[in-house]
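Participant: Dropping a prediction and its sequence here:
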Amino acid sequence: MTQDLLAPVLTRIDAGLDQSVERLVDVLRIPSISTDPKYAPDVRRAAEWMAGQLTEIGFDAAVRDAKKHPMVVGHFKGPEGAPHLLYYGHYDVQPADPYELWDSDPFEPKIVEAERGKRIVARGAVDDKGQVMTFIEAFRAWIAVHGTLPIDVTVLLEGEEESGSESLEPFLNAHKDELKADACMVCDTGMWSVDQPAISYMLRGIVSTEVKITGPSRDLHSGMYGGGVINPINLLAKILGDFHDETGRIKIEDFYEDVLPVGENELKQWEGLGFDEEAFLKEVGLEVSGGEEGYSALERLWARPTLDVNGITGGYQDPGGKTVIAAEASAKITCRLVPDQDPEKIIEGLKKFVEDRLPKGYTLEIVYSEGFPALRVPTDSDYLRAAQAGLRDEYDRDALLIGMGGSIPAAGSIRNILGLDSLLVGFGLEDDRVHSPNEKFEMVCFHRGIRSNAAIMARLAELA
């Protein structure tokens, strides 16, 4: 019966696609950059916009103040006895720098023609405003056609996902009862290809930190002191280069102690996916891969931990030269973690690694550090099977179960605090330039993402 109700909803989605795109353009214009305090008013404006959309279609929705940036919470009561889904997403975005590498203003969305048809180019197009709008537009169509939704829905949107989610866990703890549900839907992941849906069941965790090394009491003239003191920038560069051995293995003590090997059956499944490593590298202008020797590309991307330097600061940075030996140097570092690795243990190991290599009189400061463990989602739940069935209805093929190299700390927090497993169903593509200039979202993925969310709701309703 629910499938009979779905058909007019899909017709409504197709007929209203232009209006759905217009609404997406509206929210993409808001520069909701959560990591930069000067954009705090825009972050709130984006939260109010999202709450307004939910209220407009019949949700009891509001902007809720949090420690840093606000949350958006909305509720819609479906039929008695229907499953209750918590839909999570984020409305904040990454900074758009470097602006000069964008083909257009990152906060003035452009719809352009490309090989797959039209695409929308803007910061946040796919991460995560576009994907959030796939389920909001699906809700809109269901309610417009039937006056209700086929399931109970709670929506939770945060404004700090791109800046550490400092407020999320306190908010979840404070609102446990209000956010109770049967499962959580997260649309912040990707597909295997434009016509091959996927559900992610593995997420790497993350440790993020900044280390600062200080030596001399002030910046020094490189002629008067060069050769007579240890340069903090040179020292930091040497330590950073020493993190990996010649095989790509990380040299921090006990870094791999809790890493479990991937099972033989799982490896065979990954081999059957037909991952094209050459094309993967070519898309970013490279020919040679990196990482640990002795592992396949998908193992390195999904099931092996990493350590990467994300930024280095020290000395004079403006145009021209300034002949100084800087008093200090710093580096921002992230480690992607796999199941069973403890973020706190990794941070302590990294700290000790640096401290052990400092000369007498040189000091280490950990400017900040935060971490979230990796996540594995059960693949045998009724809710995941319902999501698979909904994707099959839309794409006429089975969704692949895949790993994901990135991290969604919220999924772990939602499981640990609310006790909910997440359905990691996303519609992004590998070449969407997430966190990079010219981020984009294919219109076909946006359109079918809306249809898929509608179809998944219909299948979830059958679990009543």
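Facilitator: Yep, it's here.
Participant: The residue nearest the centre of the chain and residue 127: what is the separation?
Facilitator: Centroid check for the chain by CA atoms, centre = their mean gives residue 408 as the closest residue, at 5.1 Å. From residue 408 across to residue 127, the span is 11 Å (CB to CB, to the nearest Å). (C-beta placed from N, C-alpha, C; glycine too.)
Participant: Are there residues contacting both of those two? Which ones?
Facilitator: residue 188 (CB atoms under 8 Å, 6 or more residues apart in numbering).
Participant: Check the offset of stretch 136-150 from the chain's centre.
Facilitator: 27 Å (CA atoms, centre = their mean, to the nearest Å).
Participant: and if you look at stretch 227-240?
Facilitator: Worked out by CA atoms, centre = their mean, stretch 227-240 lies 34 Å from the chain centre.
Participant: mind saving the C-alpha coords of it as PDB?
Facilitator: What follows is stretch 227-240, C-alpha atoms only, in PDB (Å, rounded to 0.1, in the frame of the first residue of the first chain):
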ATOM      1  CA  GLY A 227      74.600  28.300  11.800                       C
ATOM      2  CA  GLY A 228      74.700  29.100  15.500                       C
ATOM      3  CA  VAL A 229      71.200  28.100  16.600                       C
ATOM      4  CA  ILE A 230      68.700  25.400  15.700                       C
ATOM      5  CA  ASN A 231      66.100  26.900  13.400                       C
ATOM      6  CA  PRO A 232      62.600  25.900  14.800                       C
ATOM      7  CA  ILE A 233      61.200  25.700  11.200                       C
ATOM      8  CA  ASN A 234      64.000  23.400  10.100                       C
ATOM      9  CA  LEU A 235      63.500  21.300  13.300                       C
ATOM     10  CA  LEU A 236      59.700  21.000  12.700                       C
ATOM     11  CA  ALA A 237      60.200  20.100   9.100                       C
ATOM     12  CA  LYS A 238      62.600  17.300  10.100                       C
ATOM     13  CA  ILE A 239      60.200  15.900  12.700                       C
ATOM     14  CA  LEU A 240      57.300  16.000  10.300                       C
END
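Participant: So which bits of it are buried?
Facilitator: 231, 232, 233, 235, 236, 237, 239, 240 (16 or more other CB atoms under 10 Å).
Participant: just checking, which of these belong to strands?
Facilitator: The subset of the buried residues of stretch 227-240 located in strands under the criterion DSSP state E is empty.
Participant: Hmm, residue 139 and residue 13 touching each other?
Facilitator: No. In this structure residue 13 lies outside contact range of residue 139 using CB atoms under 8 Å: 10.9 Å.
Participant: List the buried residues in stretch 313-329.
Facilitator: Using 16+ other CB under 10 Å as the test for burial, stretch 313-329 gives 314, 315, 324, 325, 326, 327, 328, 329.
Participant: which residue packs closest to the fourth one, ignoring adjacent ones?
Facilitator: What it means is residue 325. The shortest distance from residue 325 to any non-neighbouring residue, by CB to CB, 6 or more residues apart in numbering, is to residue 220 (4.3 Å).
Participant: One more: the second one?
Facilitator: Of all residues beyond its chain neighbours, the one nearest residue 315 is residue 326 (3.7 Å), with distances taken as CB to CB, 6+ apart.
Participant: In stretch 385-395, which of the residues would be classed as buried?
Facilitator: Applying 16+ other CB under 10 Å to stretch 385-395 flags 386, 387, 388, 389, 390, 391, 393, 394, 395 as buried.
Participant: And the contacts of stretch 207-214?
Facilitator: 164, 232, 235-236, 239, 327-335, 337, 343, 346-347, 350-351, 354, 358, 362-371.
Participant: Could you list the low-pLDDT ranges of this protein?
Facilitator: The model of the chain has pLDDT under 70 over residues 1.
Participant: hmm, try it at 80
Facilitator: 1-3 (pLDDT under 80).
Participant: what are the ranges of the helices in it?
Facilitator: Per DSSP state H, the chain carries helices over the ranges 2-15, 17-28, 40-56, 129-146, 168-174, 222-225, 232-241, 264-271, 277-282, 297-298, 343-355, 382-395, 409-413, 443-461.
Participant: Residue 106 is nearest to which of those?
Facilitator: helix 17-28 (9.0 Å; CB to CB).
Participant: Only the buried residues of that closest one, if you could.
Facilitator: Quick answer for helix 17-28 (16+ other CB under 10 Å): 17, 20, 21, 23, 24, 25, 27, 28.
Participant: Would you mind getting the angle between that helix and helix 129-146?
Facilitator: In terms of direction (axes from the mean of the first three to the mean of the last three CA atoms, to 10 degrees), helix 17-28 departs from helix 129-146 by 140 degrees.
Participant: related to what we said a few turns ago, make JSON lines out of the buried residues of stretch 313-329 and add distance to residue 3.
Facilitator: Listed next are the buried residues of stretch 313-329 as JSON lines, based on distance: CB to CB, whole Å:
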{"residue": "314", "distance to residue 3": "61"}
{"residue": "315", "distance to residue 3": "64"}
{"residue": "324", "distance to residue 3": "70"}
{"residue": "325", "distance to residue 3": "71"}
{"residue": "326", "distance to residue 3": "66"}
{"residue": "327", "distance to residue 3": "68"}
{"residue": "328", "distance to residue 3": "64"}
{"residue": "329", "distance to residue 3": "61"}
